[in-house]
Structure formats: structure tokens, C-alpha cells
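A.B. asks: Need coordinates for the following:
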Amino acid sequence: MYFSLAEAGTLCGEGSAGMVVTYLAHRGEFSLGGPVAAVGRLAYIDGGTTSLLVAPLEAGDPCLNALYMPAQVVQTVHSHPSDRVGIVIRGAGDCIAVEETATPDQRVRDRHALRPGTVFYISAHQPHQFCTGAMGLDLIVFHPDSDMGVTHRNHPMLRRTLVDNISAVDLPEIQTQMSARQN
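C.D. replies: Residues are numbered from 1 along each chain as shown. Here you go, the predicted structure:
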């Protein structure tokens, strides 16, 4: 199960484990989902798939993703433009922080074993890779920002409103003007 809250909340339960991320720079909306699927809906890298669990409310907002990596994968070394925090939900493997400038036999800076319930943090721009074992590795990952999502001038309600067969997105004279206070 996964969720997003707009205000303070209380969690309780027996025999359960999880991760709570509080991001003070953003106010989300209530959203509840689950269970997490066994495979992602979208292609990722190196045979992996991903699903967007909690979508950004607007372009640039945080999001929550599920990442699914198959068995016996040595993922391409990569980085992200912002921090990541996540939890392992299934499988096992390692997260390897890599020193890009080192020689191939000296590249591993840190190796962290990942098992169900392990919470991890990857700092912005840190080159890293995941390596999976025989069971693959499934993660839930919080991204504090995104480069996708709707905007005041690009969303389904506006795009799919037609005036004489012209989308309202192409008619700025009828579009509501939003002030900073209304956002």
C-alpha cells in the first residue's frame, strides 16, 4: 500500500513495515493505492520497468515510483539530477556508488546490500548502479521533483474543451488567469 497526505496523519498496524517521506517544500493531495503490482507499466533501462504510483500534481512536483529490475542484472551506471530515497519491497541485490574517474578495477566507492525493508538514499548526481541476484529487485522510490506533469496551460480539461472545434488550450483569451496566491 502507498499513499500521499495533504495534512498530518497517523499510521498504525501490526507486523508491517514501510517508509514515510515528509517533504516540507510541497503540499500533496490525499491519494491511496495498492497493492503494488508485480511488474511495471513503463519501460525503464536494462530490462527494468517502472510505474508511477503517486503522480506529480503539477510539472516539477514530487512523485513516487515503483522500480522493477529483473534477475541477474548489472545496471548501467547512471545518476539523477535530484536526491532519491527508497525502500526495497521484494528481491535482493546491491546498490553500488561508483567513482566515475577511477580505473575500472577501482570504480566501486561503496556497496550496499539491499533486502526487503532496506531503506536507501542516493544523493543528487551520484553515479550508481543496481546489481540484482536470482530474484530480481523491486523498489519504491521517492523523487522530490519531476520534469513532467500538468501545468495551468497544459492539462486534459483545458485541452479537451472545444470551442468551434478549437481546443481551449489554443484560446488564451478564454483561459482563467491564475495568481500566485491561487496556486
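A.B. asks: give the contact list for residue 146.
C.D. replies: 56, 59, 60, 61, 62, 63 (CB atoms under 8 Å, 6 or more residues apart in numbering). All C-beta spots, glycine's among them, are computed from the backbone N, C-alpha and C.
A.B. asks: what pairs with the last one across the strands?
C.D. replies: Pointing back at residue 63 there. On the basis of DSSP bridges, residue 63 is bridged to residue 143.
A.B. asks: Correct me if wrong: it contacts residue 55.
C.D. replies: Yes. The criterion here is CB atoms under 8 Å, and residue 63 meets it with residue 55 at 5.9 Å.
A.B. asks: what touches both of those two?
C.D. replies: Common contact partners of residue 63 and residue 55 (CB under 8 Å, 6+ apart): residue 149.
A.B. asks: which one of these two has more residues nearby?
C.D. replies: The neighbour comparison of residue 63 against residue 55 (other CB atoms under 10 Å) goes to residue 63, with 20 against 16.
A.B. asks: What segments of the chain are helices?
C.D. replies: 156-159 (DSSP state H).
A.B. asks: Outline the domain layout of it.
C.D. replies: 2-149, 154-183 (automatic domain parsing).
A.B. asks: can the ones you listed go into TSV with extra columns for mean pLDDT?
C.D. replies: Shown next, in TSV, are the domains of the chain (pLDDT from 0 to 100):
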stretch	mean pLDDT
domain 2-149	90
domain 154-183	86
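A.B. asks: looking at the ones you listed, which is buried most?
C.D. replies: domain 2-149 (a mean of 15; mean count of other CB atoms under 10 Å).
A.B. asks: Between the two ends of that domain, what distance do you get?
C.D. replies: Distance between the two ends of domain 2-149: 20 Å, counting by CA to CA, to the nearest Å.
A.B. asks: Stretch 52-70 too?
C.D. replies: Rule used - CA to CA; the end-to-end distance of stretch 52-70 is 18 Å.
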